[in-house]
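Colleague: Need coordinates for the following:
(one chain, ligands or ions: 1)
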Amino acid sequence: MKDSIAVGVVGCGYWGPNLLRNFKVLPNCRVKAVCDASEERLIHMRSLYPDVEGVKDFDYLLNGVGLDAVIIATPVRHHYSLAKASLLAGKHTLIEKPMAASSAECEELIQIARSNGLVLMVGHTFLYSTPVQKITEIVQAGDIGEIRYINSRRLNLGLFQKDINVAWDLAPHDISIILHVLGERPETVNCQGNAHVTPGIEDITNISLSFKHKRFATIQSSWLEPRKVREMTIVGTRRMIVYDDLQTLEKIRIYDVRVERPPHYDTFADFHYSYHYGDSYIPHIRQEEPLKVECQHFLDCIETGLKPLTGGDEGLELVRILEAASKSLKDRGAPVALERSAEFPSYLMRADRTELPNGQPLCV
Ligand SMILES: NC(=O)c1ccc[n+]([C@@H]2O[C@H](COP(=O)([O-])OP(=O)(O)OC[C@H]3O[C@@H](n4cnc5c(N)ncnc54)[C@H](O)[C@@H]3O)[C@@H](O)[C@H]2O)c1
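Modeller: Purely as a prediction, here's the structure:
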């Protein structure tokens, strides 16, 4: 292996420059070029990084610059064609979330990556964040008991997308966290929503995921909210966790609260719910930019051949759930069953895993 991995970033709108900034500071990597369809964006990127070549022609980026890896941060409708060309050109490929516009596209990309021995990774960035790693650790250690319910809210004003609705834009973050924490896929998906601003593109959606053993998750996504909200509640049989990603230091609070039903009672008058109110505590969480950990993990996977935490299989799983949500949305919230055939690609269950990227131990 060469001592540094040559990387190119496609798409320099809102998110691409963040990827570029992080790859620029990683030691085992050289960002050689960026590509964008807009000359205006390229001029801006050249002014920020004069040492990085700015190219408009994607074929030239693939074949004329000498890259080992390509990062795709364009609108979702371009993910499949760009990633396919990148993989066929022999480049390790990191695609932003959601992986592609359909599960058929994801399956094809996985196949091409597999048959060419290339790393295919998807930007489920929150799984690289220290709060989510801490939550996973707490849940895996059994501290909160069995999870009963997860509720997640990701709301703000905009940013309105033109090719995908708010569920495809924002819910991938929540879904990836929920699947990771629960370690299983839902059995059914329901989704309701409305398009208030752009006809045909829902700006408010509510997704429900039903899992085995009556476990349940709800995800509210909105581009029509005056305040920015990034909140998740995880309700366990023994304790509950509130994760507020907008807090600077105290992002996770664990509440020692629960409610129990009496095991036996003779008459209705004897029946009392038992409410337990204990302490709450805030675990210490290291400050670390999740995107930097994600970028480093991609490079490490290229160097070591390790399967990424958020590879093609995880990207496909998420897109299958989004497709089911779109189907349910068209059918006014009717439940859509997910196929049970494929194995759930739970990272936590994988035998080759003992720790999370950046060295956090995995308590399985
Ligand atoms: N992981 C995260 O937390 C996170 C956060 C925000 C966005 N994203 C994802 O990043 C991706 C990009 O989102 P964004 O908000 O930056 O979009 P954007 O519209 O702001 O930027 C997209 C850029 O891609 C360029 N582009 C479009 N088609 C192209 C093509 N065929 N070849 C080259 N350049 C092309 C556009 O000119 C534009 O500059 C999306 O998949 C989005 O879901 C991820």
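
Colleague: Please count neighbours and contacts with C-alpha atoms only from this point.
Modeller: Noted.

Colleague: List, one by one, the residues from the stretch 51-200 of the chain near the ligand.
Modeller: Proximity of the stretch 51-200 of the chain to the ligand (Cα under 6 Å from any ligand atom) is limited to residues 73-76, 78, 96-98, 123-125, 169.

Colleague: go with 5 Å
Modeller: Proximity of the stretch 51-200 of the chain to the ligand (Cα under 5 Å from any ligand atom) is limited to residues 73-76, 96-97, 125.

Colleague: Tell me where this protein has helices.
Modeller: Listed in chain order, the helices of the chain (DSSP state H) span 16-25, 39-48, 58-64, 79-88, 103-115, 130-140, 166-182, 290-304, 312-330.

Colleague: Adding distance to Glu231, mean pLDDT and mean neighbour count as columns, could you present those in JSON lines?
Modeller: Listed next are those as JSON lines, based on distance: least, Cα to Cα, whole Å; pLDDT from 0 to 100; neighbours: other Cα atoms under 10 Å:
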{"stretch": "helix 16-25", "distance to Glu231": "23", "mean pLDDT": "98", "mean neighbour count": "18"}
{"stretch": "helix 39-48", "distance to Glu231": "33", "mean pLDDT": "97", "mean neighbour count": "15"}
{"stretch": "helix 58-64", "distance to Glu231": "38", "mean pLDDT": "97", "mean neighbour count": "16"}
{"stretch": "helix 79-88", "distance to Glu231": "28", "mean pLDDT": "98", "mean neighbour count": "20"}
{"stretch": "helix 103-115", "distance to Glu231": "28", "mean pLDDT": "98", "mean neighbour count": "17"}
{"stretch": "helix 130-140", "distance to Glu231": "12", "mean pLDDT": "95", "mean neighbour count": "21"}
{"stretch": "helix 166-182", "distance to Glu231": "10", "mean pLDDT": "97", "mean neighbour count": "23"}
{"stretch": "helix 290-304", "distance to Glu231": "17", "mean pLDDT": "97", "mean neighbour count": "20"}
{"stretch": "helix 312-330", "distance to Glu231": "20", "mean pLDDT": "97", "mean neighbour count": "23"}
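
Colleague: Nearest to Asp3, out of those helices?
Modeller: When the helices of the chain are compared by Cα to Cα, helix 290-304 sits nearest Asp3, at 9.6 Å.

Colleague: Which residues does the closest one contact?
Modeller: Outside helix 290-304, the residues within contact range by Cα atoms under 8 Å, 6 or more residues apart in numbering are 1, 5, 18-19, 22-23, 26, 28-29, 92, 94, 118-119, 121, 123, 125-130, 306-308, 357-358.

Colleague: swap in stretch 117-125?
Modeller: Surrounding stretch 117-125, the residues in contact under the criterion Cα under 8 Å, 6+ apart are 87, 90-99, 110, 113, 172-173, 176, 290-291, 294, 298, 301-302, 305, 307-308, 310-312, 314-315.

Colleague: next one: stretch 213-220
Modeller: 147-155, 171, 174-175, 178, 204-210.

Colleague: Take those residues and keep only those in strands.
Modeller: Assigned to strands by DSSP state E, the following of those qualify: 147-155, 204-210.

Colleague: Give the single residue among the residues you listed positioned nearest to Val189.
Modeller: Nearest to Val189, judged by Cα to Cα, of the ones in strands among the contacts of stretch 213-220 is Leu209 at 4.8 Å.

Colleague: Could you report the pLDDT at that closest one?
Modeller: Looking at Leu209, its pLDDT is 98.

Colleague: With Met1 instead?
Modeller: On pLDDT, Met1 comes in at 48.

Colleague: please renumber so the chain begins at 878
Modeller: Done: numbering now begins at 878, and the last item shifts to Met878.

Colleague: Surely Val1058 touches Ala1018?
Modeller: No: counting by Cα atoms under 8 Å, Val1058 sits too far from Ala1018 to count as a contact (11.6 Å).

Colleague: Show me what Val908 is bridged to.
Modeller: On the basis of DSSP bridges, Val908 is bridged to Val884.

Colleague: That should have said Val1119, apologies.
Modeller: Thr1110, Arg1130.

Colleague: quick one, what contacts it?
Modeller: By Cα under 8 Å, 6+ apart, the contact set of Val1119 is 1108-1111, 1129-1132.

Colleague: Val942 now?
Modeller: Here Val942 is in contact with 909-910 (Cα under 8 Å, 6+ apart).

Colleague: Other residues contacting stretch 1026-1035?
Modeller: Contact with stretch 1026-1035 is made by 1047-1048, 1051, 1055, 1092-1113, as judged by Cα under 8 Å, 6+ apart.

Colleague: How many residues are close by Ile949?
Modeller: A count of neighbours around Ile949, defined by other Cα atoms under 10 Å, yields 28.
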